[in-house]
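Trainee: Task: produce atomic coordinates for the following.
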Amino acid sequence: MAESSSSRHVNVGHDPFTAIESHLERETAFVSPRLYDVFINHRGPDVKETLALLLYKSVKDLGFRPFLDYQEIELGDSLPSSVKHAICSSLVHIAIFSETYADSPWCLAELTLMLKSKAKIIPVFYDVTPSHLRHMKEGGYVDSFVKYEEKGRYLTELQEWKASLKAASFISGCQFTKHNYQNDDMLCEEVVRAVLKELQKHKTKSLVVAKNPVGLDELVKEYERHCKMKMEEKVQRVGIFGMGGVGKTTLAKELFNLKRSEYDGSCFLFDVREASLKTELTSLQNKLLKDLVNEEHEKFQSIEEGKRHLKEYLERSRSLRFLIVVDDIDEVNQLDALLVTKDILNSASLVIVTTRDKSVLVRSGITLHFEMKEMGPDHGRQLFCWNAFCRPDPASGYEELVESFVEECKGLPLALEVLGGHVFGSIKHRWQLELEKVRKTLPGNIKQRLKISFDSLDREEKEVFLDIACFFIGKRKDMAMKIWNRSGWSAEHALETLKDKCLVVEFKVGSIWKKGNVSLRMHDHLRDLGRELADELSHPRRLWHPQQLQSLKSNGFRNILAQTNGHSVRCLNSIKEKSMKCRIKYFLGNSDGRFETSTALLWLQLSYLSNKFTSIPSWIPLQNLECLKIMDGNLERLLENNAQAPFQLKELFLERAFCDPADFTKSLGMYNYLEILVLSGRSSFSPTLIDGRSFSQSLGNLANLRRLVLRSLNITGEVVLHSTGMAPRASSLQTICMGELDLVSKVSISGVQCPSIEFIRLESMYNLIKLNLPKVATLNSLVVVKCSRLEKISGNFDLLQTLERISVYECPQLQKIPGIEKMQRLKYLELSALGQGVTRNCIQRMQ
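Mentor: Residues are numbered from 1 along each chain as shown. The predicted structure follows:
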């Protein structure tokens, strides 16, 4: 016990050390069972009313029980045994070494017991230095020990006390000087921070992160690289977001375990979304108080009451640094209730928030985001095998089955763990049966976890999600947006919400698309969930599987994916005969009457048409059609009559659709609004030749055309995109792709006719001899591949300095690529299998 000015009046016997030692065994049984958190070892006359009292009050205000002196002992308790009990029960010891510290045998005896207890000791060198404790020849505490020797007191203990002082001198602590600390308050703040950090280690056990933490070390490193955790003026707040089951909580728990020792207090709040649903946010407020400042209340009557208490205690603890993890939120008010987004925390605190909804982070003012992605195949395989075999690799003979399961899991840790555990201990035949079941439907526990995000959507957001799952995966965003907007929906807002909740992602399909190139993608498990939910509706309105068309009823349908797959007549007739509301097809529209009377059909796709179809049936309403796709048919003509012509058409994809496409190319000029034209044929089966110049004239009339793709057509002679007479210019054309036009000998593109051209690709043009490039300053990519007879590329290369990419290979007759040395913006150059010396010559000129 630290000696105070009044302690000598306590009847403890002549020898304090002997009194302590002699009573240890005999009186321990009678000691009060109350425990202490912190023992403050100090010399009363030096620091009792200053630093020691400040430390005592600060620790007590934070909800911990400190032991300062005899006044802590309850009446009737033995003093020596109580001191022993206080030392042994305390988790942290503070030893304040002051000028007359060694004059007190109580202080020295307590220090010896503190060292024997193995608990954490925080030394405070108050107007002394560690050398005072270390060197006993002159200065420091020498005079105190000389007095003991002169009086013949404690002679058997002196060497042990000296050893204790020397041991304490080597423990890192706080040294008080006017240079280090301006006053006792600043020193107290530093000591209390160290005390709380140590108490936190004892109070909070490490969280169980994962049964099989595959790839977790790499994930933590990636997180650290991304976040670059630096101290800022404001509290560091990080949001971890991603789809359900992707491992957000696992990462958060690992970060919590790794970092909590760096902070004065820490708290992990699990399942905040679930607690909010059960109106238990007040319980989380209480947990936050208890974990951070050791303050526990009866359940708050309201969230506002909890916020008031949180604010009071957190403001009182502004000098302390906290680590707080808030797991699985879906509303801003959940963070508000916990005050973790308010600026009342110490600036060195860290708050980590996990969520499925990125927009919650943005609306909460959290700007540092880390997105959780799916597992790579190697880590995915290991995680699956740990759950299936209790080892990191497949058992012999199961390799192919493991690969199949891992492929079905699509990198989702939840699925890898669930399915791996599901087949654990099963024979091969059972594995094969389970694999077939998984391919048809999601296991219930995976489905329920993923469905949480779907349930949080509003009506329009759910409709957009189901549309994407059934119809728009891999399809272009702009076309989907047009359809949704035609339905009167706030499509942009709905899609942004789905992206924020990690239910949908956008991606670009490559440089061949320069504009309008964003398509939609969804994790396979979310796709399967969406399709199951669409099928489970009491009146399904989305028909996405061909077999569903065989059992159409007269209910209203909003969406139909009618891929005919060989029984096209029966499928289309079944659609014709039913009364339905049809918005999307692959029939896309919105009608209250019969399908054939609908005037809102926007998108039509027909695939694998049988020989019975010679044209698009006249009963299909095409008046307002904007996108038409026909693939793999044997049409003799596109329309039964021109009266049904879709004059509003913007996108036309005819891929292997005609027996003979020559007649159709003559009528191209009527589609004045066309923006995308993709034509491909079966050149070996096309009996009629297409005159290149006439075809070029038809293209020149399409003023809105942005993208042109021609493949496997019997176009003869020259494709010349030049202005002719008063013909309008193809002023919007940006992308030209031609391939397998075996009879074309020359391609000439005019900068006057095509002033906006950006991308040109010519491939497998076996009779192409000459290529004339446009005189424009917009072209940035040129790709010429497998044009075995190409001899010359010409153009005004002074105007082609915007080229960033040139790929020319397998053109053995090409002798020169002029002007390449003038292309200052060139970033990517690929030259291979050209005429003799061409590649070397180009490189020399560029040097």
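Trainee: for the strand or helix carrying Asp217, packing partners?
Mentor: Take DSSP states H and E as the rule and Asp217 turns out to sit in helix 216-227. Judged by 3 or more CB pairs under 8 Å, 6 or more residues apart in numbering; DSSP states H and E, helix 216-227 is in contact with helix 248-259, strand 368-371. The C-beta positions use only the backbone N, C-alpha and C, and glycine is treated the same way.
Trainee: before we move on, which element is Gly633 in?
Mentor: Going by DSSP H and E, Gly633 is not in any helix or strand.
Trainee: thought it was touching Leu606?
Mentor: Yes. Judged on CB atoms under 8 Å, Gly633 makes contact with Leu606 at a distance of 6.8 Å.
Trainee: Now list whatever residues contact both of the two.
Mentor: Phe613 (CB atoms under 8 Å, 6 or more residues apart in numbering).
Trainee: if we can go back for a sec, next structured bit after the helix holding Asp217?
Mentor: Sequence order places strand 236-241 as the next helix or strand after helix 216-227, per DSSP H and E.
Trainee: That next one - which strands sit beside it in the sheet, and in what orientation?
Mentor: In the sheet, strand 236-241 lines up against strand 350-355 (parallel), strand 368-371 (parallel) (DSSP bridges).
Trainee: element containing Trp431, please.
Mentor: In this structure, Trp431 sits in helix 428-440 according to DSSP H and E.
Trainee: For that helix, what is the distance to the chain centroid?
Mentor: 31 Å (CA atoms, centre = their mean, to the nearest Å).
Trainee: and if you look at stretch 363-373?
Mentor: 8 Å.
Trainee: now what about that stretch, what contacts it?
Mentor: 223, 226-227, 236-243, 246-248, 251, 332, 335, 341, 353, 358, 361, 411, 502.
Trainee: same thing but 6 Å
Mentor: Residues from elsewhere that reach stretch 363-373 (CB atoms under 6 Å, 6 or more residues apart in numbering): 223, 226-227, 237-242, 246-248, 332, 335, 341, 361.
Trainee: Tell me which of these has the lowest pLDDT.
Mentor: By pLDDT, Thr341 ranks lowest within these, coming in at 66.
Trainee: ok, the nearest residue to Leu520 once chain neighbours are set aside to Thr112 distance?
Mentor: Excluding the flanking residues, the one nearest Leu520 by CB to CB, 6 or more residues apart in numbering is Phe472, at 5.1 Å. Relative to Thr112, Phe472 is positioned 76 Å away (CB to CB, to the nearest Å).
Trainee: my guess is Val325 meets Leu251, correct?
Mentor: No. Contact status for Val325 versus Leu251: not in contact, 10.3 Å apart, counting by CB atoms under 6 Å.
Trainee: Return every residue with contacts to both of those two.
Mentor: Applying CB under 6 Å, 6+ apart, one finds that no residue jointly contacts Val325 and Leu251.
Trainee: Now the longest helix along the chain: average pLDDT?
Mentor: Of all the elements of type helix in the chain, the one with the most residues (DSSP state H) is helix 184-203. The pLDDT scores in helix 184-203 average 83.
Trainee: Please, where are all the helices along the stretch 51-200 of the chain?
Mentor: Per DSSP state H, counting those that start in this stretch, the stretch 51-200 of the chain carries helices over the ranges 53-61, 79-89, 105-117, 130-134, 142-151, 158-169, 184-203.
Trainee: now the stretch 351-500 of the chain
Mentor: Ranges of helices in the stretch 351-500 of the chain, per DSSP H, counting those that start in this stretch, are 358-363, 377-389, 399-409, 413-422, 428-440, 444-455, 459-467, 477-486, 491-500.
Trainee: Could you say which of these is packed most deeply?
Mentor: Greatest average neighbour count among the helices of the stretch 351-500 of the chain goes to helix 413-422 (a mean of 22), per mean count of other CB atoms under 10 Å.
Trainee: And stretch 112-126, what's buried?
Mentor: If you call a residue buried by 16 or more other CB atoms under 10 Å, then stretch 112-126 has these buried ones: 112-115, 117, 119-126.
Trainee: do you know which of the helices and strands packed on helix 216-227 lies nearest Phe389?
Mentor: Proximity to Phe389 (CB to CB) singles out helix 248-259 among these, at 20.9 Å.
Trainee: Span of stretch 821-838 from start to end?
Mentor: 13 Å (CA to CA, to the nearest Å).
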